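Visitor: got a structure for you, letters missing:
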């Protein structure tokens, strides 16, 4: 455990030494705690981090995020060692589709493309044709020749993409993110009434009733870019509150507000500084994947990067 008296500067120096000794790089998702983002070499959303993971020169990756993110980094870099600070940091939605259901849909729809949100386990990715993120889903799905699209595992992102692509026939799964679905239209309306000049920025994992109230709908990185480039001074943020770190860092003269008290992912917050230090010290827990399954799961990820 880290001594509470250790300063941030001392901790950063400790991590710098460890990274050099281990030839390691720290990647962190926007939803982990501020202190972890502060020591990361790269901070971003799932799409950005998946790209970065393929370009870093270090042989070891410490991925500060949930399990599927570490798995994706490993799939894209099988020759590298990928460690995650807490093996219990998992995303419930990543498991929310039954493999038998995928097989059944394939039997029913001859030309179907199984489009798998990157927020999914390596096990599920084996059965997909292509992966997507909230940042590139629209572009990738619109480019597919298939009319029938089975979007897994998140229903709400799938419905948002479907609303923009009426020429496609979407089959939906019933997966969801508990953080984004906890944000209600009533939350947003009350927050807007309190701050009428604030722009409403919404992640597409939210329900349709919330999306309809948005001034902007987009990925986490899209929300940050919109707020940074906007002339507005106040924003209501409808996604996980970890994004406030980057929003405030880039926009010190603007104000950001949540719309509900549950915009908090307990799994992301399992990643703490002391666990990052221990992870790099011990180079554990390691992301380990069956090689045959990994080869299959890598195909839709590679296709995502090709089509992005």
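Guide: Received it, and whenever you're ready, just let me know what you need. These numbers come from a predicted model, not from an experiment. Numbers count the residues shown, from 1 in each chain.
Visitor: give the contact list for residue 224.
Guide: Residue 224 sits next to 30, 243, 246, 247, 250 when contact means C-beta atoms under 8 Å, 6 or more residues apart in numbering. Glycine gets a C-beta too; all of them are placed from N, C-alpha and C.
Visitor: find the nearest non-adjacent residue to the second one, please.
Guide: Right, the one you point to is residue 243. Using C-beta to C-beta, 6 or more residues apart in numbering and skipping residues adjacent in sequence, the residue nearest residue 243 is residue 30, 4.8 Å away.
Visitor: how about residue 34?
Guide: Excluding the flanking residues, the one nearest residue 34 by C-beta to C-beta, 6+ apart is residue 245, at 4.4 Å.
Visitor: which stretches of this structure form strands?
Guide: Per DSSP state E, the chain has strands spanning 24-29, 42-44, 60-64, 81-83, 113-117, 130-132, 148-152, 169-172, 199-202, 216-217, 234-238, 255-258. These are given in chain order.
Visitor: so which of these comes closest to residue 139?
Guide: Ranking the strands of the chain by proximity to residue 139 (C-beta to C-beta) places strand 130-132 first, at 8.6 Å.
Visitor: ok, residues contacting the closest one?
Guide: Under the contact criterion C-beta under 8 Å, 6+ apart, strand 130-132 has outside partners 113, 115-118, 120, 125, 140-141, 144, 300-301, 303-304, 307.
Visitor: what's the PyMOL line that selects buried ones from those?
Guide: Only the buried members of the contacts of strand 130-132 end up in this PyMOL selection, burial being decided by 16 or more other C-beta atoms under 10 Å:
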select buried, resi 113+115+116+117+118+120+125+140+141+144+300+301+303+304
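Visitor: correct me, but residue 247 touches residue 239?
Guide: No. Under the criterion of C-beta atoms under 8 Å, residue 247 lies out of contact with residue 239, with a separation of 10.3 Å.
Visitor: have a look at those two and say which one is more surrounded.
Guide: It is residue 239, of residue 247 and residue 239, that has more neighbours when counted by other C-beta atoms under 10 Å, with 27 against 22.
Visitor: residue ranges with poor pLDDT in the stretch 1-150 of the chain?
Guide: Within the stretch 1-150 of the chain, the ranges that satisfy pLDDT under 70 run 1-6.
Visitor: name the nearest residue to residue 215, sequence neighbours excluded.
Guide: With C-beta to C-beta, 6+ apart, the residue lying closest to residue 215 is residue 199, at 4.4 Å.
Visitor: can you get me a residue count around that neighbour?
Guide: When neighbours are counted by other C-beta under 10 Å, residue 199 registers 19.
Visitor: ok, it to residue 31 distance?
Guide: Distance, residue 199 to residue 31, by C-beta to C-beta, to the nearest Å: 21 Å.
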